[in-house]
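Student: Fold the stuff below for me.
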Amino acid sequence: MYKPYLTSPAPCYAPKSTGALKSNREDQDGGPDPVDIHVGGRLRTLRKLKNFSQEKLAQALGLTFQQVQKYERADNRIGASRLYQIADALGVSVSYFFEGFGKAARGPVYALAEDGETGAEDVMQRSETLKLVSLYYQIKDEATRKQVLDMVRTLGKR
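Tutor: Next up is the predicted model:
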């Protein structure tokens, strides 16, 4: 008489994971992965420097602005093909989003009282920095841009 190899009526499931394949995201109590946070921050910075609203970028990508928000906050991970589309829409290479990851902060970190922020934030992520850089590059005359830079440098020494 033939006996089947598995005689148990219970369904057969794959063994539970030993955790070896867990992502960093899962290891951090469900919080976003540091890479996702970095990429989202770079996306936000670049979008603002290029004077793209979340709505404008979302429309270029065929998304909702809420999806762009989630990418920037690292609530949602950005897949490889989507990251390529974002880079193309903003005119940079995909590698831009990973530049500086894992390196120490570039310089001092500031928080301004008028922003109501008490936590440390990278100065290059601040809206006033992005606005200043954007306006600076709107100056068409190179000599005038140099004068503005010299003036800001002088004021910064005071």
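Student: Does residue 88 fall in a helix, a strand, or a coil region?
Tutor: helix (DSSP: H, G, I helix; E, B strand; the rest coil).
Student: any weak-confidence spans in this structure?
Tutor: Residues of the chain meeting the criterion pLDDT under 70: 1-29, 104-122, 124-125.
Student: Swap in 50 and give it another go.
Tutor: For the chain, applying pLDDT under 50 flags the ranges 8, 14-27, 108-120.
Student: Using the record's assignment, carve it into domains.
Tutor: 30-102, 122-158 (automatic domain parsing).
Student: Pull up the distance across the first one, start to finish.
Tutor: The one in question is domain 30-102. Counting by CA to CA, to the nearest Å, you get 20 Å between the two ends of domain 30-102.
Student: Can you show me the helices along this protein?
Tutor: Counting by DSSP state H, the chain has these helices, from start to end: 24-27, 34-49, 54-61, 65-73, 80-90, 127-138, 142-156.
Student: out of these, which comes closest to residue 102?
Tutor: With CB to CB, the closest approach to residue 102 among the helices of the chain belongs to helix 34-49: 8.4 Å. Quick note: C-beta positions are derived from backbone N, CA and C, even for glycine.
Student: And for that closest one, what's in contact with it?
Tutor: Outside helix 34-49, the residues that touch it by CB atoms under 8 Å, 6 or more residues apart in numbering are 24-25, 32, 54, 57, 68, 71-74, 77-78, 83, 86, 90, 92, 96-101, 122, 124-125, 127, 130-131, 133-134.
Student: Extract the C-alpha set from it and format it as CSV.
Tutor: Provided in CSV are the C-alpha atoms of helix 34-49 (Å, rounded to 0.1, in the frame of the first residue of the first chain):
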residue,chain,number,x,y,z
PRO,A,34,18.8,55.7,7.2
VAL,A,35,19.4,55.3,3.4
ASP,A,36,15.7,56.1,2.8
ILE,A,37,15.9,59.1,5.1
HIS,A,38,19.0,60.4,3.3
VAL,A,39,17.5,59.9,-0.2
GLY,A,40,14.3,61.6,0.8
GLY,A,41,16.1,64.5,2.3
ARG,A,42,18.2,64.9,-0.9
LEU,A,43,15.0,64.7,-2.9
ARG,A,44,13.4,67.5,-0.9
THR,A,45,16.5,69.7,-1.1
LEU,A,46,16.9,69.3,-4.9
ARG,A,47,13.2,69.8,-5.5
LYS,A,48,13.2,73.1,-3.6
LEU,A,49,16.5,74.2,-5.3
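Student: List the buried residues of it.
Tutor: Neighbour-count burial for helix 34-49, counted by 16 or more other CB atoms under 10 Å, picks out 35-36, 38-49.
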